[in-house]
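Undergrad: One predicted model, sequence on top.
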Amino acid sequence: MTEKVAVIGLGYVGLTLACALASRCFQVTGLDVDEEKLEKIRRGTPPIYEEGLEPLLNHVLKLGALKVTSDYQEAVRESEACFICVGTPSNPDGSVDLRYVEETARMLGKALKDKPGYYLVVVRSTVPPGTTRNLVRRILEEESGRSIGDFGLCFNPEFLREGKALEDTFNPDRIVIGCVDRESGEKLLVIYRKFYGDKLPPTLITTLVNAELIKYVSNAFLATKISFINMVSQLCQALPGADVKVVAEGMGMDKRIGREFLAAGLGWGGSCFPKDALGLLRFGEELGVQLPIVEAAIKVNESQIEHTVKLAEELIGDLGGKLVAVLGLAFKPGTDDIRESRSIRLVEKLLERGARVRVHDPKAIENARKVLGERVSYAGSIEECMRGAELCILATEWPQYRRINAETLKRLMKTPALLDGRRLYKPEEFREIKFKAIGLGDSNQEP
Ligand code: UDX
Ligand code: UDX
């Protein structure tokens, strides 16, 4: 039974998987090309913030179940299967940059040359349909001089939400396994049976291309669901008395629609939805297929930022020279990740309009500084962020921002005004001050 595995690429996806496997009797070798990252991991400090990851990492290091290296020969020698979790960023035109996957396949192929016995390669990085068969398989065969049968190949997407990555790894809704041949799929299933015991999640075994497509369209569908409710929120804004939160609640009571991913707000960001929605569009174009729903979802997502700035101007007039406090920079709560964060996008727009911006985030300041530099000021506390500001915008719904109330705003701000970009607050509690929420409808008018 396969017990020794390697995980290549120790980012959000890879490090979580490596720690999870190591905590359940697997001997794991983690590989990354970034030596600084490896050093941190060896010391028990995850290079990223993810709920619960630090204690788990320390636990598995103590057990001796996780080792890390930058040497492919070593990683392959020490394992019977590997999971490829390297990044697949966007090219400037939105298509997917596969150079890290290519490089990984090349290095793995070389290492496989001297590896006796069967070895299973599992691609977990999100890649356009066809990549595992046409690119990864070809490179592995060329570099190793061996062929399918000597080694196995699967595409096995991850569906992790950042901030809940461990929870999603230990309790996923489903496992999707795309495999080049039956043996590859069965070998991966053995790993998951060992990991989940008698609680194996519902599992779909299919072709490589179906599995690759399932990953893309799942993300595009969820992004579309959010854009749909954001579109409705713009309708609500123009309809006195309408409230998108109640509308979403009513819609979600229908089991066929479901309540999840119907939270209106600034829109979707992160390392997956924006990249995968665009990647899918470009992929469709290459095949000569238009994907107008995905296109519209992206358009609505972009429009939410301009919409928010308009609401800000409605609240306090021209933004030129005004001090705006922005709460939350991470693309969602529970992470320090700012990739494609709507909040950062909003800050950029506020700066363009001449506003002075002060920002706060419980975890993401360090990452935000790399992008925003000295163009904004950074607050160490919520109070410091709001002091003297003329408008406060809630951009990421960290739970600690819930405790803000009208009294705090009146006490600290120059002119108390709050724009709720994530529907965190109850409007009735802010009656005495200027208040607006995205998608609230015409907040101060009766129908
Ligand atoms: C990434 C992809 O972006 C996503 O599409 C996919 O589904 C899973 O992998 P994430 O874990 O968030 O998601 O990426 P990132 O945090 O950028 O981590 C990638 C890691 O791979 C980095 O630590 C990087 O140093 C490492 N890497 C990159 C390698 O080890 N080798 C390489 O050649 C390139
Ligand atoms: C997503 C997918 O959920 C996951 O399955 C996939 O593997 C990777 O991409 P992630 O990006 O970590 O995960 O976070 P998610 O919770 O899906 O949120 C993505 C974005 O949508 C965030 O910016 C969030 O603020 C936004 N969002 C989410 C909404 O605006 N409204 C919602 O109702 C839900």
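TA: Happy to help now that I have it. Numbering: from 1, shown residues only. Ligands and ions are numbered 1, 2, ... in the order given.
Undergrad: All the strands of the chain, in order from the start?
TA: 4-8, 27-31, 66-69, 81-84, 119-123, 151-155, 175-179, 203-206, 323-327, 356-360, 377-378, 391-394, 417-420, 434-437 (DSSP state E).
Undergrad: Enumerate the residues of the stretch 251-400 of the chain near ligand 2.
TA: For the stretch 251-400 of the chain, the residues in contact with ligand 2 (CB under 6 Å from any ligand atom) are 261-263, 265, 267-270, 272-273, 331-332. (Each C-beta comes from the backbone N, C-alpha and C, glycine too.)
Undergrad: What is the nearest of these to ligand 1?
TA: residue 272 (6.3 Å; CB to the nearest ligand atom).
Undergrad: Quick check: phi and psi at that closest one.
TA: The phi/psi pair for residue 272 (degrees, to the nearest 10) reads phi -120, psi -60.
Undergrad: shouldn't it be in contact with residue 219?
TA: Yes - between residue 272 and residue 219 there is a contact at 5.5 Å, judged by CB atoms under 8 Å.
Undergrad: Of the residues of the stretch 251-400 of the chain next to ligand 2 - the most surrounded one?
TA: With neighbours taken as other CB atoms under 10 Å, the top of those is residue 331, carrying 30 neighbours.
Undergrad: What about that residue? Give its phi and psi, please.
TA: Taking degrees, to the nearest 10, you get phi -70, psi -10 for the backbone angles of residue 331.
Undergrad: Please spell out which residues along stretch 346-354 are buried.
TA: 346-347, 349-351 (16 or more other CB atoms under 10 Å).
Undergrad: Mind putting the strands of the chain into CSV with distance to residue 280?
TA: Formatted as CSV, the strands of the chain follow (distance: least, CB to CB, whole Å):
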stretch, distance to residue 280
strand 4-8, 25
strand 27-31, 29
strand 66-69, 33
strand 81-84, 20
strand 119-123, 17
strand 151-155, 16
strand 175-179, 17
strand 203-206, 18
strand 323-327, 31
strand 356-360, 32
strand 377-378, 36
strand 391-394, 31
strand 417-420, 31
strand 434-437, 31
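Undergrad: Switch those strands over to JSON lines; also include distance to ligand 1 and mean pLDDT.
TA: Below are these laid out as JSON lines (distance: least, CB to the nearest ligand atom, whole Å; pLDDT from 0 to 100):
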{"stretch": "strand 4-8", "distance to ligand 1": "6", "mean pLDDT": "98"}
{"stretch": "strand 27-31", "distance to ligand 1": "6", "mean pLDDT": "98"}
{"stretch": "strand 66-69", "distance to ligand 1": "10", "mean pLDDT": "98"}
{"stretch": "strand 81-84", "distance to ligand 1": "9", "mean pLDDT": "98"}
{"stretch": "strand 119-123", "distance to ligand 1": "9", "mean pLDDT": "98"}
{"stretch": "strand 151-155", "distance to ligand 1": "11", "mean pLDDT": "98"}
{"stretch": "strand 175-179", "distance to ligand 1": "13", "mean pLDDT": "98"}
{"stretch": "strand 203-206", "distance to ligand 1": "18", "mean pLDDT": "98"}
{"stretch": "strand 323-327", "distance to ligand 1": "24", "mean pLDDT": "98"}
{"stretch": "strand 356-360", "distance to ligand 1": "23", "mean pLDDT": "98"}
{"stretch": "strand 377-378", "distance to ligand 1": "23", "mean pLDDT": "98"}
{"stretch": "strand 391-394", "distance to ligand 1": "25", "mean pLDDT": "97"}
{"stretch": "strand 417-420", "distance to ligand 1": "29", "mean pLDDT": "94"}
{"stretch": "strand 434-437", "distance to ligand 1": "31", "mean pLDDT": "83"}
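Undergrad: Tell me if the lengthiest helix in the chain is near ligand 2.
TA: Assignment by DSSP state H gives helix 208-237 as the longest helix of the chain. Yes - judged by CB under 6 Å from any ligand atom, helix 208-237 and ligand 2 are in contact via 219, 222, 226.
Undergrad: so what's the residue lying closest to residue 91 once chain neighbours are set aside scoring on pLDDT?
TA: Leaving aside its sequence neighbours, residue 91 sits nearest to residue 97 (CB to CB, 6 or more residues apart in numbering; 4.9 Å). As predicted, residue 97 sits at a pLDDT of 95.
Undergrad: need the contact list for residue 97.
TA: 88-91 (CB atoms under 8 Å, 6 or more residues apart in numbering).
Undergrad: and which of these is nearest to ligand 2?
TA: Of all these, residue 88 has the smallest distance to ligand 2: 12.0 Å, by CB to the nearest ligand atom.
Undergrad: pretty sure the closest one is touching residue 99, no?
TA: No - the pair residue 88 / residue 99 is not scored as a contact, 9.3 Å apart, by CB under 8 Å.
Undergrad: interface residues of the chain facing ligand 1?
TA: 8-14, 32-34, 37, 85-88, 100, 103-104, 125-126, 158, 271.
Undergrad: thinking again about what came up before, quick one: the contacts of residue 97 as TSV, columns for distance to residue 153 too.
TA: Formatted as TSV, the contacts of residue 97 follow (distance: CB to CB, whole Å):
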residue	distance to residue 153
88	17
89	23
90	25
91	25
